[in-house]
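# Quick one: sequence and predicted model below, then my questions.
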Amino acid sequence: MALFGSNKKNYSTITVKKRDVPDGLWMKCPSCGEIVYKEEVTANLEVCTKCNHHFTLARQERIDLLSDEGSFEEWAGGIKSVDTLGFTGKQSYIDKLEANQKKSGWDDAVTVGGCKLGRRDIGLGVMDFSFLGASMGSVVGERITYLIERCTAEKRPVLLSCASGGARMYEGLLSLMQMAKTSAALARHAEAGLPYIPILTHPTMAGVMASFATLGDLIVAEPGALIGFAGPRVIKETTQQDLPEGFQRSEFLQEHGLIDMVVPRSELRDRMILVLEYLCDK
């Protein structure tokens, strides 16, 4: 009977543990959907190695990209934001500022200064969308105006890397005034015969786009950057019309005459050196 009887064996359940993978090692590209190795993307100036999608480049990395090593000297860093209007909401303006300062390690949405690029003295400004959407408040406007006016006095060309969601609502009318102030400074810079080149990154919108971002002698943009005044969703709802493919992107705007040059990030430094040599020699 033992030959035909039940002969059950106790099989233990084998648990296979998933090997721990460090967070942030891989990332999904929003353009091509591929999973890419983050270190490769970082080594490629935060550009997807599969489809050339341009991710956001950190402020310090962009300063390093557009200046000779060790040459950048910050200007106007002592200008700080104040809550002139006493803005209150779910969170006060001061609390918002402090949270963004702690998160980013910077005190406001733009850093300006003097440096060398290709051994030429220039003025450089870099806007950072991760700080309150690079919104244009009084400090942003004042620092950019200081950059332009000092470069006019010192006869330097100006490069300004732009990114913004628009005006800083916490400052009301004081924010909108920065459009006129920066534009007037650029007019004086142009009268002095000095070059100004804005570099439009993703996204550059609203009041920034309507003022200093599009007043350059040569308007440059990174590939795929969203550039416009109102967003495409608002425009579609207002006009009740379908928008063309690629509407408000760098390539579309170059085809329609707003942008002069769309430059991949890997070529940006060398292209700016070449353009400045031409403009300054002229």
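Thanks, I have the structure now.

# The nearest residue to P244 once chain neighbours are set aside sits in which helix or strand?
Counting by CB to CB, 6 or more residues apart in numbering, P244 lies nearest to F252, which is 7.1 Å off, once chain neighbours are set aside. (C-beta placed from N, C-alpha, C; glycine too.) Here F252 sits within helix 250-255, counting by DSSP states H and E.

# What of V112?
Per DSSP H and E: strand 110-117 holds V112.

# right, and the secondary structure at D107 would be what?
Under DSSP: H, G, I helix; E, B strand; the rest coil, the three-state class of D107 is coil.

# thought it was touching I79?
No. Applying CB atoms under 8 Å, one finds D107 not in contact with I79, separated by 9.1 Å.

# What about E245, how many residues nearby?
7 (other CB atoms under 10 Å).

# And it, how far from L173?
38 Å (CB to CB, to the nearest Å).

# With S104 instead?
According to CB to CB, S104 and L173 sit 26 Å apart.

# If you count surrounding residues, which of these two has more?
S104 (16 against 8).

# Help me confirm that that one comes into contact with F129.
No. Between S104 and F129 there is no contact under CB under 8 Å: 10.5 Å.

# all strands of this structure, in order?
Remark: strands assigned in the chain by DSSP state E are 26-28, 35-37, 73-75, 110-117, 120-127, 158-164, 196-205, 220-221, 227-228, 261-262.

# which helices and strands sit right next to the third one?
Judged by 3 or more CB pairs under 8 Å, 6 or more residues apart in numbering; DSSP states H and E, strand 73-75 is in contact with strand 110-117, helix 138-154.

# quick one, which of those is nearest to I219?
helix 138-154 (16.0 Å; CB to CB).

# Compute the inter-axis angle for that closest one and strand 196-205.
With axes from the mean of the first three to the mean of the last three CA atoms, to 10 degrees as the basis, helix 138-154 and strand 196-205 are set at 170 degrees to each other.

# how about helix 138-154: buried residues?
By 16 or more other CB atoms under 10 Å, the buried positions in helix 138-154 come out as 138-152.

# cool, stretch 220-230 as well?
Buried residues in stretch 220-230, defined by neighbour count with 16+ other CB under 10 Å: 220-228.

# Looking at these, which is nearest D95?
For the buried residues of stretch 220-230, the nearest to D95 is L226 (28.6 Å; CB to CB).

# Not counting sequence-adjacent ones, nearest residue to the closest one?
Per CB to CB, 6+ apart, closest to L226 is P203, 4.0 Å.

# who's in contact with that neighbour?
129, 163-165, 225-227 (CB atoms under 8 Å, 6 or more residues apart in numbering).

# Save those residues as a markdown table, and put in distance to K90 and pLDDT too.
Listed next are the contacts of P203 as a markdown table, based on distance: CB to CB, whole Å; pLDDT from 0 to 100:
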| residue | distance to K90 | pLDDT |
| --- | --- | --- |
| F129 | 21 | 92 |
| A163 | 25 | 92 |
| S164 | 22 | 90 |
| G165 | 18 | 86 |
| A225 | 30 | 90 |
| L226 | 27 | 89 |
| I227 | 30 | 89 |
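
# What's the per-residue pLDDT of T152 here?
On pLDDT, T152 comes in at 97.

# Same question for A2.
49.

# please renumber so the chain begins at 201
Yep, numbering from 201; the last one is A202 now.

# quick revisit: please work out which of the strands of the chain is packed deepest.
Of all the strands of the chain, strand 358-364 has the most neighbours on average by mean count of other CB atoms under 10 Å, namely a mean of 27.

# Parallel or antiparallel, which strands does that one pair with?
Neighbouring strands of strand 358-364 in its sheet, by DSSP bridges, are strand 320-327 (parallel), strand 396-405 (parallel).

# contact partners of that strand?
The contact list for strand 358-364 (CB under 8 Å, 6+ apart) reads 262, 266, 309, 317, 322-329, 333-336, 344, 347-348, 351, 389, 394-409, 412-413, 472.

# pLDDT wise, what is the residue nearest to P444 at?
Value listed for F452 in the pLDDT field: 89.

# my guess is it meets P432, correct?
No. Using CB under 8 Å, F452 is not in contact with P432; the gap is 10.7 Å.

# With neighbour numbers in mind, choose between the two.
Remark: of F452 and P432, F452 carries more neighbours, 17 against 13, as counted by other CB under 10 Å.

# Return the distance of the more buried one relative to I419.
Separation of F452 from I419 (CB to CB) stands at 14 Å.

# Many thanks, I have nothing further to ask.
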